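**Student:** I'll drop the sequence and a predicted model, then ask my questions.
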Amino acid sequence: MSNTKFAVLSLTEAAAERARQLIADAGRPIAGIKVGIKNGGCAGMTYTLDLADEVAAGDEIVEDQGVKILIAPKDLMFLLGTKLDFETTKFASTFSFSNPNQISACGCGESVAITPATERV
């Protein structure tokens, strides 16, 4: 029998390094990185990523590689199993989401369609 806990959301080393840097450079106390989703875009939803000054009531708290990640209860089922990465190319540096619940994305990559994890059981 395994005691391994399912990762709600995890970070690659590059994402953890960038998140730690953003927190250190914020110039104020940071409770963690707030990851979520919101309605919008041509595919229906967009990912959100912000520095959080405090933990909101009900937030799921995930700690990975020295980074505290906060997820609002309404977003949790859309983000289960997601891996957050940070990629640098010749033209841009950005966080990217690898989400097993994502069913499609628009051509520009800014908007996605996500099915809540419970609907696919």
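**Tutor:** Received, thanks.

**Student:** could you check the pLDDT of residue 18?
**Tutor:** Per-residue confidence (pLDDT) for residue 18: 97.

**Student:** okay, and the beta partners of residue 88?
**Tutor:** residue 93 (DSSP bridges).

**Student:** meant to ask about residue 67, not that
**Tutor:** On the basis of DSSP bridges, residue 67 is bridged to residue 64.

**Student:** report the contact partners of it.
**Tutor:** 11, 16, 19, 20, 23, 32, 33 (CB atoms under 8 Å, 6 or more residues apart in numbering). Placement of C-beta: from N, CA and C, glycine included.

**Student:** quick one: neighbours of the closest residue in space to the fifth one that isn't next to it in sequence, just the number.
**Tutor:** Counting by CB to CB, 6 or more residues apart in numbering, the nearest residue to residue 23 once its immediate chain neighbours are dropped is residue 30, at 4.7 Å. Look at residue 30: counted by other CB atoms under 10 Å, it has 18 neighbours.

**Student:** residue 30 contacts residue 51, doesn't it?
**Tutor:** Yes: in this structure, residue 30 is within contact of residue 51 by CB atoms under 8 Å, at 5.1 Å.

**Student:** now list whatever residues contact both of these two.
**Tutor:** residue 23.

**Student:** let me see the contact set for the most centrally placed residue in the chain.
**Tutor:** For the chain, residue 35 is the residue whose C-alpha lies nearest the centre (CA atoms, centre = their mean; 4.1 Å). By CB under 8 Å, 6+ apart, the contact set of residue 35 is 9, 47, 48, 49, 69, 70, 71, 75, 79, 82, 84.

**Student:** which non-adjacent residue is nearest the first one?
**Tutor:** Spatial nearest neighbour of residue 9, chain neighbours left out: residue 82 (4.9 Å); criterion: CB to CB, 6+ apart.

**Student:** what number of residues lie near that neighbour?
**Tutor:** Neighbour tally, residue 82, other CB under 10 Å: 23.

**Student:** offset the numbering so it begins at 16, please.
**Tutor:** With the count now opening at 16, the last piece we talked about shows up as residue 97.
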